Each structure stands twice: as structure tokens, then as C-alpha cells.
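**Q** Dropping a prediction and its sequence here:
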Amino acid sequence: MYRESIKDLCAWKQKKNRKPLILEGARQVGKTWLLKEFGRTEYQDTVYINFDSNSQMEQLFAGDLIPANLIEGIELYSGKKIDPSNTLLIFDEIQEVPRALSSLKCFMEEAPEYQIVCAGSLLGIALHSGTSFPVGKVELMNLYSMSFQEFLKATGNDQYSKVLEQKNVTMLNAFGKTYEKLLKQYYFVGGMPEAVQAFARDHDYGEVRTIQQNILNAYDQDISKHTEAYIISKIRAVFQSVPSQLAKENKKFVYGLIRDGARAKDYEKAIMWLTDCGILHKVSRITMPHLPLKAYEDLKAFKLYLCDVGLLGCMSGISADTLLNGNELFVEFKGAMTEQYVFQELKALKKYPIYYYTNDRNTLEIDFVIDDGNRIIPIEAKAETNLHAKSLKTYRQKYQPECSVRLSMMNYKAEDGLINIPLYAISMMDEIKKIA
């Protein structure tokens, strides 16, 4: 596998005032693999410690947090001599030992020469439980499920990934049908590394679904294990409602779809739990498309997206044949899959805060709105080649944005400030200033 985030880790390594780094993300998005791969390719040696159910490490960090003493204990535990210049220290599931999290402040202040990277699947949950966080003494980085471009590389389609990297519009348009086929595969398989690896090896869609169901089961076990009894049913109810929430034409989260009479105050903590651990992502509405977007955020209106499009398909029970070969009864939910996918790809770029826009009467909706620092870019997501939709047209007439983006199955085309980017080429958005 190849993950783009390894570039971010390499950039971290080169920093002069490097701080310990914490890699966050939902369980099973590949955090441990990425950190180990980083150690294997960029260091002479790696010392890996998993804090989950590790009584020895819990005892070691229960004492004083003097870095020299901790390093001595880690050397005894690992059987390796730690060279600060050439050894990468990996602390996995660090949230399981809160004192280990606190020690990062000591390493930063007293022994910054040690190169420490940490992973935490449920770090946000731990912090809300009262765990102390070394604010200002660590760097944070997020890892999401594999992007479409990473999927292409993992499944032996490097040449198609290369065309995307080169932003070769001529080739993209010429081989659009092949990209569409590969994109449909990605819609089914998604970007969870274990599912992608299995698909790359055997092309067995049944095995992929089994892996995805196991991941969903693991999430459910986390809910039972790491929450208080009174809120478990609420977390599950929110999570299970996501497919029906996204299936609506207006994908704003509606509490009434969870159960009749449900109110925000009853489920706010449940939503916070799911977003804290990276299983769900919240996209807020903006009331006006003005800079800065954050100032116009409507905290009461939002959409919820899953961490992976393949998991959404699994939760919804969509068969491989329906997704790959088309089905008239699937037309409406295809929009939900497309919007989930677009959200993931925009999130993978790690460049823009993501919002959506509706007017006060809900007669105009823009699927996504991003802010590149200098201008606001409205984005419309269309599942097919039917581009007839009045919202973006109305928005452009009213606000006259410098640049607008439509994502669809149509070929790349830029005209009068409106750029049509094929759904399989969303990675081109990372250089929107150049292609606009």
C-alpha cells in the first residue's frame, strides 16, 4: 500500500522544532501500519509499544515522567537501545494510558531529541473522560480511509493514478469510461485498508463485505466498551440512522428520523461520541457564503457523513451487482453514495474547511462550500451526467463567485468560471487556483 500521509510524516521529521506527533483517526483506517511503514522506510530502527492492556507500560508511566527514566524502561521492555537520532518511537493506543499522553509534554520540554509518534483511535473519547492533554506540546495529524487515488495504486492501477497526479485532462477525458468502472469498484470496496488489500488480492466482493461487516461490528463493540450504559442505545441509533439521513433529498440531519419526537438535547452527546472517535464527520451549514465561512456557521444545522463510502454501502445492504451494473431502484441512493464519496475526497485533501449552504427557505442548496483562504468555492455533486439543477445556477447569479465547481461523470471542462471536474478526478481540486 501507499498512503499520501507518509509525506506529512516525512515533513514532520525534517522540522527543526519538532514536537511529538499524535496521529488520530477512526479505528482500522491504517494508523498503525502507516507509522510502522514510516519507521521502516525512514529510520534505522523502530521501537513499537502498544499501550492497550499493557500492565508493564502502565506501571512504568505511573511513576515519575522523567524522560531518561522512561527511555530506560522502554529499552528494557523492547530489548533495544534507543538512539534519539535514528530510532522512531511508536506509542500505539496511547489513550489507554493517560500518563503516557501526559509524558509527551515532558519529552517536548526536557528531551526533544527523541522522535515520538503516537496513534489513538479513541483519543477524543478519552479526553472527554477527563484525560489530561499536553496542549501546545504535540502536533496533531488526521488519517482517513484510503482515497480513490490511493485505491488505484493499491489495486495495480498505478498508470491511472499517475494520470491523475499529472492532471492530464486529455488522458482523463479519453479514458473516462475506465475511470468510471474503477470508481464504481471503489464505491463498493471503499478505503478501509484491510478491505482494499483483500480486493487487490482476490477481487472477491463477498470477502470485502465480510471485512466491512467485521469493521462495523468492531465499532459496535467500541460503543459498548467505552461508553456508559445510558447512552449506548442513543449512539447506536444515531449511527444506524446515517444511511436513511443521507438517502433524503435534503441531507440535513433530522433527529425525527432516529425516532418520533427525538430532540437535539437527547442525542448531542451521542453525535459527539461518534465524531470524536472519527466514525462520523459533521459538516455544518453556513447561513451566508461570505469570508470567513466559520463566522457564518449554523451549529444547529448539519449533515453527518460516515468515515468510509464502502462501510456506508455495507450498512445499506447494497450488492456488488447493483452498484457495478446499475439498477433503476438504486438511482436515488446513488446520490447519497456520491455525496459521501465527494466528502471523503475533499477531506483527504486536508486543505479546506468544508461546509454546505442553504438559504433560509431551503429552496436553494449547495452540496459543499469550501474556502481556499481568498475566495469561496461552491461545489455541486452529481451522481451521473444529468446536470440539470437550478441551485448552483441560482447561487452563481446571486453571489457571482469567481470560481464554481461541478463534480459529475461528465468530462473535464472549464467555462465562464464554472469547472466541471469528473468525480474520479476530485484530487485535481488540490490545485484549484491553477485549473480555474
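**A** It's in.

**Q** make it CA atoms for all contacts and neighbour counts henceforth
**A** Will do.

**Q** The helix or strand that contains residue 281: partners in the sheet, and parallel or antiparallel?
**A** Using DSSP states H and E, residue 281 sits in strand 280-286. Paired neighbours of strand 280-286 in the sheet (DSSP bridges): strand 297-306 (antiparallel), strand 354-358 (parallel).

**Q** which outside residues touch it?
**A** With contact meaning Cα atoms under 8 Å, 6 or more residues apart in numbering, strand 280-286 is reached by 239, 274-275, 293-294, 296-307, 354-358.

**Q** and these, which are buried?
**A** Neighbour counting by 16 or more other Cα atoms under 10 Å classes 239, 274-275, 293-294, 297, 301-307, 354-358 among the contacts of strand 280-286 as buried.

**Q** mind checking the longest helix of the protein?
**A** The residue-count maximum for a helix in the chain (DSSP state H) belongs to helix 205-226.

**Q** Quick one: the helices in the stretch 101-250 of the chain, in order.
**A** 123-128, 148-154, 158-166, 169-174, 176-189, 193-202, 205-226, 229-247 (DSSP state H, counting those that start in this stretch).

**Q** Show me how far the longest one is from its chain's centre.
**A** Same thing as helix 205-226. 17 Å (Cα atoms, centre = their mean, to the nearest Å).

**Q** That helix: which residues count as buried?
**A** 205, 208-209, 211-212, 215-216, 219, 223-224.

**Q** now, of the helices of the stretch 101-250 of the chain, which is deepest in the fold?
**A** Compared across these, helix 148-154 shows the largest average neighbour count, a mean of 23 (mean count of other Cα atoms under 10 Å).

**Q** CA-only coordinates of that helix in PDB, if you can.
**A** The C-alpha coordinates for helix 148-154 follow below in PDB (Å, rounded to 0.1, in the frame of the first residue of the first chain):
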ATOM      1  CA  PHE A 148      -9.600   6.900  -4.600                       C
ATOM      2  CA  GLN A 149      -6.100   7.600  -5.900                       C
ATOM      3  CA  GLU A 150      -4.600   5.500  -3.100                       C
ATOM      4  CA  PHE A 151      -7.100   2.800  -4.000                       C
ATOM      5  CA  LEU A 152      -5.900   2.900  -7.600                       C
ATOM      6  CA  LYS A 153      -2.300   2.400  -6.500                       C
ATOM      7  CA  ALA A 154      -3.100  -0.400  -4.200                       C
END
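
**Q** what bits of the stretch 301-436 of the chain have low per-residue confidence?
**A** Counting by pLDDT under 70, the stretch 301-436 of the chain contains low-confidence residues at 327-330, 385-389, 431-436.

**Q** For it, which segments are assigned as helices?
**A** With DSSP H, counting those that start in this stretch as the criterion, the stretch 301-436 of the chain has helices spanning 309-316, 320-325, 331-349, 390-399, 432-435.

**Q** List the buried residues in the longest one.
**A** Going back to what we said before, that points to helix 331-349. 333-348.

**Q** nearest to residue 323, of these?
**A** Nearest to residue 323 out of the buried residues of helix 331-349 is residue 334 (Cα to Cα; 8.4 Å).

**Q** I figured that closest one hits residue 383, correct?
**A** Yes. Counting by Cα atoms under 8 Å, residue 334 does reach residue 383; the two are 6.4 Å apart.

**Q** want to throw the buried residues of helix 205-226 into CSV with pLDDT and distance to residue 92?
**A** Output for the buried residues of helix 205-226, formatted as CSV (pLDDT from 0 to 100; distance: Cα to Cα, whole Å):
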residue, pLDDT, distance to residue 92
205, 97, 31
208, 98, 26
209, 98, 27
211, 98, 22
212, 98, 23
215, 98, 19
216, 98, 21
219, 96, 18
223, 93, 20
224, 91, 21
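
**Q** Would you format those residues as CSV with distance to residue 100 included?
**A** Listed next are the buried residues of helix 205-226 as CSV, based on distance: Cα to Cα, whole Å:
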residue, distance to residue 100
205, 41
208, 36
209, 36
211, 32
212, 32
215, 27
216, 29
219, 24
223, 23
224, 24
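
**Q** and of those, the nearest to residue 322?
**A** Using Cα to Cα, those come closest to residue 322 at residue 205, 12.2 Å.
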